[in-house]
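> Here is the input, now give the coordinates:
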Amino acid sequence: GPDYPQIFNQTGSLGSLGGVMWYLHNHVITQCPRRYGIDRIRRYFVTVKSTEALFAATANMFDRYSDFDNGEAQESWSRSHWT
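Numbers count the residues shown, from 1 in each chain. Model (predicted):
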């Protein structure tokens, strides 16, 4: 079989299984050949943990959610927050 890369594709996106399936159904398999050349789903186990400074400041394990596109935050509040 083909020799698939064993490292994470840095142009890829991560999401829940339901979100990935919705995206494939609504954006990828709507035409032939498949859009963006997507031909498989890879599974990753990701562990995240907040920094001690964030937890001390907010008493939350995570910060607010923000969409990122091409490595840049999309919401106006988060652009200054993440820089």
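> dump the residue contacts of N70.
N70 is in contact with no residue at all, counting by Cβ atoms under 8 Å, 6 or more residues apart in numbering. Backbone N, C-alpha and C define where each C-beta goes, glycine included.
> do you know how far it is from S13?
Here N70 is placed at a distance of 11 Å from S13 (Cβ to Cβ, to the nearest Å).
> what do you get for Y23?
As for Y23, its distance to S13 is 8 Å (criterion: Cβ to Cβ).
> more neighbours, those two?
Here Y23 and S13 are set side by side on neighbour count (other Cβ atoms under 10 Å), and the busier one is Y23, at 13 against 10.
> So the more buried one versus M61, what's the distance?
Y23 sits 26 Å away from M61, going by Cβ to Cβ.
> One more: C32?
Applying Cβ to Cβ, one obtains 43 Å for the distance of C32 from M61.
> Which one of these two is surrounded by more residues?
Taking other Cβ under 10 Å, C32 and M61 do not tie; M61 has more neighbours (10 against 6).
> mind listing what the nearest residue to H27 once chain neighbours are set aside touches?
In space, and not counting its chain neighbours, H27 is closest to R35: 6.4 Å by Cβ to Cβ, 6 or more residues apart in numbering. The neighbours of R35, taking Cβ under 8 Å, 6+ apart as the test, are H27, V28, I29.
> What does R35 show for phi and psi?
Note on R35: its backbone torsions stand at phi -60, psi 140 [degrees, to the nearest 10].
> roughly how far apart are it and L14?
Using Cβ to Cβ, one gets 19 Å for the distance from R35 to L14.
> burial measure for S50, as a count.
Neighbours of S50 (other Cβ under 10 Å): 14.
> Sorry, slip of the keys, the one I care about is A73.
16.
> Let me know the pLDDT of it.
As predicted, A73 sits at a pLDDT of 74.
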